[in-house]
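# Model the structure of this input:
(chains A and B)
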Number of protein chains: 2
Amino acid sequence: MGLVCAGILAGRLQGHGSVRMWGHDPAEVRSIAASRASSRLGGFRLSDAVSLGIDPARQLTDAEVIVSAVPVQFVRETWQSLRPFIAPGASVISVAKGIEVGTNLTPLQVISQVLGESADAARPMGVLSGPTIASELARCLPATMVAASDQTAMAEQIQSLFSTRWLRVYTSSDVRGVEIAGAAKNVIAIAAGILDGLQAGCNAKSALLARGLAEITRLGAAMGASPATFAGIAGAGDLATTCFSPEGRNRSCGEALGKGEKLDAYLARTRYVVEGVATTKGILQLAHRCRVEMPISKAVHAVLFESLDPVDALTNLMSREVKGE
Amino acid sequence: MGLVCAGILAGRLQGHGSVRMWGHDPAEVRSIAASRASSRLGGFRLSDAVSLGIDPARQLTDAEVIVSAVPVQFVRETWQSLRPFIAPGASVISVAKGIEVGTNLTPLQVISQVLGESADAARPMGVLSGPTIASELARCLPATMVAASDQTAMAEQIQSLFSTRWLRVYTSSDVRGVEIAGAAKNVIAIAAGILDGLQAGCNAKSALLARGLAEITRLGAAMGASPATFAGIAGAGDLATTCFSPEGRNRSCGEALGKGEKLDAYLARTRYVVEGVATTKGILQLAHRCRVEMPISKAVHAVLFESLDPVDALTNLMSREVKGE
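Residues are numbered from 1 along each chain as shown, chains lettered A, B, ... in the order given. So this is what the prediction gives:
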């Protein structure tokens, strides 16, 4: 996702400003710098205008806008190491989706905490989210995103930076809602994958999408977010692509579990970070704290961490007491 | 869908009452009566307990509950011909999804009008809707539906009649919302198919789902329905299966258009009624009457009936003025 964002920004800036990427893995950074491509993004070619490096002083000093595309569980340590190189007025845009284990904070909350600022501090911060399977963005297929910030000017700046002929960016003031939706949908996507693994069909997965949307909306509302966010691009839209795209990482993990593979075995063989696995813990803790019922997320937790058989999980969900919707 | 409903009811009644089907096409009825199968429902076998016939006196007289699974544009003439055989107290359940051209009425409104009763009449009436690709129901794959009626007892009776181990039925009092959602999602599904035909990708289709859900929710709200219905099983859920299942009739029609086929040519070769085509006209007239903006439905109308090229339709949607979501 970082590569895709860098590519979009380079195209938008057209030389009026530079785009620099920092990465922690010397081998990967060197490989991308040389090939301008990634084995994970078929067909993608990174603009020559983007510089890559592992030296934070060189890549980050004086940056005016910083896009954070770090897996959620590594956001804190990454930003702690980068903090000395961040200019005081630099704005921050987070594109990660998940909940930090232990603190139950969203990525932007973690960054804000690391930078030592309260939520209403002067530094412009925001998130960019939506139904964006990176491999499709890499091919410039049409897509939409939501740019959310407490500050209208920041939301509009993100919108302006990322809008292209094929990428339509909406603005929102509901940062909390966009981040919770982005995190919680990864848990529902694991459940969707489990249904795929069980070959339960499209009706079942669509019901899961609707009931999953209902429970993550309840959580969001209890946390002060707007229900409208969950009905929109960053909610229902992102949930749909995550549940239905064959390329979704969380869905693929769920599918392996549905077919009977053990979680540890799957995580050992995949090349990707499956954000939803750790995030399931955080979502359930938030649900507990907010006294919100989340039966699907709870079932995913039981399959992931309590050895519940996926077939039993599905049977339990289907046989809950039937009531008004 | 009529066959699937008959099969479920026969299983539920287990001999306590009989299930009779009426059909208008003698050849089709004879074929199903003999084979207990349908070429459109692979793997389905109709219970021997279900009788089939084309004689309305024999099939309908004394029926206590009547399930109407007639394509929307044929509901009026069918019910006009069957009306003399309907017992005064018989309850009616409609499972069709669409809007009647000319009147802009929903199937249950048409039936109510034909039976000469106002909406608040004593006869129990309701609808059954949800994400239910019939071929999956035929294989008893897990699914959910919504039983909606103005009368709580009727909603609960529908729920009780159709609930099985693999079919979970919720109740609702929002008949209008469930019918509008079921009709309007067929229009969005044509748009989803067009995106598939253009190979626009999953991000684009998921954005369409979210923005489509937003516009059909606006229409429903303007017509007095509850927005919650649109976020639920009969709204977001049905929209998801209709947009993503390869078997969806409206999606398949849109896909052919996206690949460049003409509407007339497609309709001439398909074996199925594509409810969304006629319903697009009705939805746009309702939108006009309620002064609701429905850009996606409008684009579908332009592709279907105004010779707009699908690529131009997509480009227009992507280049509308960008604003807050």
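# Please count neighbours and contacts with C-alpha atoms only from this point.
Will do.
# in the stretch 51-200 of chain A, which ranges drop under the pLDDT threshold?
Where the stretch 51-200 of chain A drops to pLDDT under 70, the residues are A:117-121.
# Break down it into its helices, ranges please.
Applying DSSP state H, counting those that start in this stretch to the stretch 51-200 of chain A gives helices spanning A:56-60, A:75-82, A:107-114, A:134-138, A:152-162, A:175-197.
# Pull the residues that contact the first one.
If you take Cα atoms under 8 Å, 6 or more residues apart in numbering or on different chains as the criterion, helix A:56-60 is touched by A:R20, A:M21, A:W22, A:L52, A:G53, A:L82, A:F85, A:I86.
# What parts of the stretch 151-300 of chain A come near chain B?
A:165-172, A:200-211, A:213-214, A:231-233, A:235-238, A:240-241, A:244-245 (Cα under 8 Å from any Cα of the partner chain).
# go again using 7 Å as the cut-off
A:168, A:170-172, A:200-204, A:206-207, A:209-211, A:231-233, A:236-238, A:240-241, A:245 (Cα under 7 Å from any Cα of the partner chain).
# Now, these that are in helices?
Here DSSP state H is the test, and these give A:C202, A:N203, A:A204, A:S206, A:A207, A:L209, A:A210, A:R211, A:A231, A:D238, A:A240, A:T241 as lying in helices.
# would you turn the helices of the stretch 51-200 of chain A into a markdown table with mean neighbour count and distance to A:G254?
Putting these into a markdown table (neighbours: other Cα atoms under 10 Å in any protein chain shown; distance: least, Cα to Cα, whole Å) gives the following:
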| stretch | mean neighbour count | distance to A:G254 |
| --- | --- | --- |
| helix A:56-60 | 17 | 36 |
| helix A:75-82 | 17 | 24 |
| helix A:107-114 | 22 | 23 |
| helix A:134-138 | 20 | 19 |
| helix A:152-162 | 20 | 31 |
| helix A:175-197 | 29 | 4 |
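# Reformat those helices as CSV; add distance to A:L286.
Shown next, in CSV, are these (distance: least, Cα to Cα, whole Å):
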stretch, distance to A:L286
helix A:56-60, 34
helix A:75-82, 19
helix A:107-114, 14
helix A:134-138, 28
helix A:152-162, 26
helix A:175-197, 10
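# Tell me, how many residues neighbour A:S307?
When neighbours are defined as other Cα atoms under 10 Å in any protein chain shown, A:S307 has 11 of them.
# Helix, strand or coil: sort out it for me.
What DSSP: H, G, I helix; E, B strand; the rest coil gives for A:S307 is coil.
# what's it in contact with, if anything?
Taking Cα atoms under 7 Å, 6 or more residues apart in numbering or on different chains, we find A:S307 in contact with no residue.
# got it, and A:G212?
Taking Cα under 7 Å, 6+ apart, one finds A:I188, A:I296 in contact with A:G212.
# go again using 10 Å as the cut-off
Applying Cα atoms under 10 Å, 6 or more residues apart in numbering or on different chains, we find A:G212 in contact with A:184-185, A:187-189, A:191-192, A:205-206, A:218, A:236, A:239, A:294-297, B:232, B:237.
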